[in-house]
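*Asks:* Here's my sequence, what's the structure:
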Amino acid sequence: MWANFLWNSMRDARLTELAASGKLRATLRDEVERMLKDAKFQRFIEDFPGQWLKLRAIAANDPDKKLYPEFQTQLAADTPQLLKNLAQRFAIYSTGRDLGFCDREEIAGIVACSQKQGGGIRTLLHELVQSRLFQTP
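*Replies:* Predicted coordinates:
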């Protein structure tokens with residue numbers, strides 16, 4: 001599941017071996033970091049924002065900077081909401097299931113932990129993969 005999400009590909013021999021031996025859960029953080037450093041992760045960076053978040057169309061809808069000079073400032077000021085939305089989209093995309101009402105607290109926890117560590121995409125993905133959302137079918 002992690003390789004499909006992060007690499008848009010099947011898992012490699014190392015992940016298969018760790019899963020078969022029952023050691024994957026114990027090395028999860030290291031394996032996610034390895035997957036994020038792999039060149040295959042570039043597929044995720046290229047495909048996910050454009051396809052699933054529809055960011056390819058966003059440039060066509062940029063607000064006029066003369067009419068809305070505060071747009072970038074307001075967007076940056078609402079980082080928690082942006083992280084929450086990303087966490088929700090990543091969770092839906094990676095697990096293949098919709099989020100339920102009971103998943104709100106888990107998403108909030110993922111965002112809070114990510115913010116404590118700087119709020120980057122890498123941290124958000126680490127927190128998501130280690131969350132209950134990713135471990136529950």
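*Asks:* Let me see the residues that make contact with the strand or helix carrying residue 29.
*Replies:* Assigned by DSSP states H and E, residue 29 belongs to helix 28-37. Defining contact as Cβ atoms under 8 Å, 6 or more residues apart in numbering, one finds that helix 28-37 is touched by 2-3, 6-7, 14-15, 18, 24, 41, 122, 125-126, 129-130. (Glycine included, C-beta is placed from N, CA and C.)
*Asks:* mind putting those residues in a markdown table, secondary structure and neighbour count included?
*Replies:* Compiled in a markdown table, these are given as follows (DSSP: H, G, I helix; E, B strand; the rest coil; neighbours: other Cβ atoms under 10 Å):
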| residue | secondary structure | neighbour count |
| --- | --- | --- |
| 2 | helix | 18 |
| 3 | helix | 17 |
| 6 | helix | 22 |
| 7 | helix | 20 |
| 14 | helix | 13 |
| 15 | helix | 18 |
| 18 | helix | 18 |
| 24 | coil | 17 |
| 41 | helix | 18 |
| 122 | helix | 15 |
| 125 | helix | 26 |
| 126 | helix | 20 |
| 129 | helix | 23 |
| 130 | coil | 16 |
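*Asks:* Distance to residue 107 and pLDDT added to those residues, as a markdown table?
*Replies:* Below are the contacts of helix 28-37 laid out as a markdown table (distance: Cβ to Cβ, whole Å; pLDDT from 0 to 100):
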| residue | distance to residue 107 | pLDDT |
| --- | --- | --- |
| 2 | 19 | 72 |
| 3 | 23 | 77 |
| 6 | 19 | 79 |
| 7 | 23 | 79 |
| 14 | 30 | 93 |
| 15 | 26 | 91 |
| 18 | 27 | 92 |
| 24 | 24 | 86 |
| 41 | 23 | 83 |
| 122 | 18 | 79 |
| 125 | 14 | 84 |
| 126 | 15 | 83 |
| 129 | 14 | 82 |
| 130 | 14 | 83 |
